[in-house]
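In: can't give you the sequence, but here's the structure:
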């Protein structure tokens with residue numbers, strides 16, 4: 001299972017989901033789904049926008065959790 005750690009990153013900065021949406025142009029509902037780990041498919045362009053905006057690497061956002 002892939003775990004999206006976006007909410008942890010936003011809390012650490014701190015930055016709101018709304019602010020990330022505004023800075024990246026990604027719909028707030030999409031960011032909310034990522035934060036709640038409801039996303040089934042990740043748009044690579046969105047992932048790149050988030051990494052650039054938060055100045056982080058993909059591994060800072062995604063984690064492989066073994067069952």
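Out: Received, thanks. The structure displayed is predicted, hence computed values, not measured ones.

In: correct me if wrong, but residue 63 is in a strand.
Out: Yes. Counting by DSSP: H, G, I helix; E, B strand; the rest coil, residue 63 is part of a strand.

In: roughly how far apart are it and residue 10?
Out: Computed as C-beta to C-beta, to the nearest Å, the residue 63 to residue 10 distance reads 15 Å. Placement of C-beta: from N, CA and C, glycine included.

In: and the helix or strand containing residue 10, what's buried?
Out: Assigned by DSSP states H and E, residue 10 belongs to helix 6-12. Of the residues in helix 6-12, 6, 9, 10 count as buried by neighbour count, 16 or more other C-beta atoms under 10 Å.

In: closest to residue 45 out of those residues?
Out: Among the buried residues of helix 6-12, residue 6 lies closest to residue 45 (C-beta to C-beta), at 15.5 Å.

In: quick check: that closest one touching residue 33?
Out: No. Residue 6 is beyond contact range of residue 33, at 9.9 Å (criterion: C-beta atoms under 8 Å).

In: quick check: closest non-adjacent residue to residue 50.
Out: Leaving aside its chain neighbours, residue 50 sits nearest to residue 24 (6.1 Å; criterion: C-beta to C-beta, 6 or more residues apart in numbering).

In: and the pLDDT for the one you found?
Out: Listed pLDDT for residue 24 reads 98.

In: if I look at the closest residue to residue 56 other than its chain neighbours, how far off is residue 64?
Out: Of all residues not flanking residue 56 in the chain, residue 9 sits nearest, at 6.6 Å (C-beta to C-beta, 6+ apart). Using C-beta to C-beta, residue 9 is found at 17 Å from residue 64.
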